[in-house]
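after the sequence you'll find the predicted model.
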Amino acid sequence: MTVTTSARVPSPRAAPTSRAALGLLRQATDGLADAHRHTDPLLRYPAAYLAALRAAAAVLAVRATPQPRRGATRNAWQLLGEVAPELAEWAAFFAACSATRAAAEAGIARLVGQRDADDLLRQAEQFVGIVSESIPLR
């Protein structure tokens, strides 16, 4: 017996993006604006880094599923590379900037120049833009 139905099965709708993810994305955008206001590289560099980190956290809020803790702890950049492989190169880039961000926050001026801060800000802007396009805003 062949059964045909004319009723269409509705396609599943994506769940709305969590408020936490949207809030983190908003904070990332605000962080970029804050980084632009700073002319001192010791302030600009960490502000840009933090904006990128908040964008990464927004991706994790949308895609990560809680896992039981095993072994060594992982940072946000490591987790980002796992849950969003298309962002793995970005994660590796920003992970490599972590020590310089810490140096800037500690006031070690010889490790963070104006060009370094400006370059990181441009990279953070690109990253936040990519993340913004990948997260559904509903």
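In hand now; what should we look at? Residues are numbered from 1 along each chain as shown.

how about the host helix or strand of Gly23: buried residues?
Assigned by DSSP states H and E, Gly23 belongs to helix 19-37. Going by neighbour count (16 or more other C-beta atoms under 10 Å), the buried part of helix 19-37 is 21-22, 24-25, 27-29, 31-32, 34-35. (Glycine included, C-beta is placed from N, CA and C.)

other SSEs contacting the longest helix along the chain?
The longest helix of the chain (DSSP state H) is helix 41-63. Secondary-structure packing of helix 41-63 (3 or more C-beta pairs under 8 Å, 6 or more residues apart in numbering; DSSP states H and E): helix 19-37, helix 76-83, helix 88-96, helix 98-105, helix 114-134.

quick one: closest of those helices to Pro46.
Each of the helices and strands packed on helix 41-63 has some distance to Pro46 by C-beta to C-beta; the shortest is helix 98-105, at 5.0 Å.

what does the pLDDT read for Pro85?
Pro85 carries a pLDDT score of 95 in this model.

do you know how far the residue nearest to the spatial centre of the chain is from Ile130?
Centroid check for the chain by C-alpha atoms, centre = their mean gives Ala56 as the closest residue, at 1.9 Å. Distance of Ala56 to Ile130, given as C-beta to C-beta, to the nearest Å: 11 Å.
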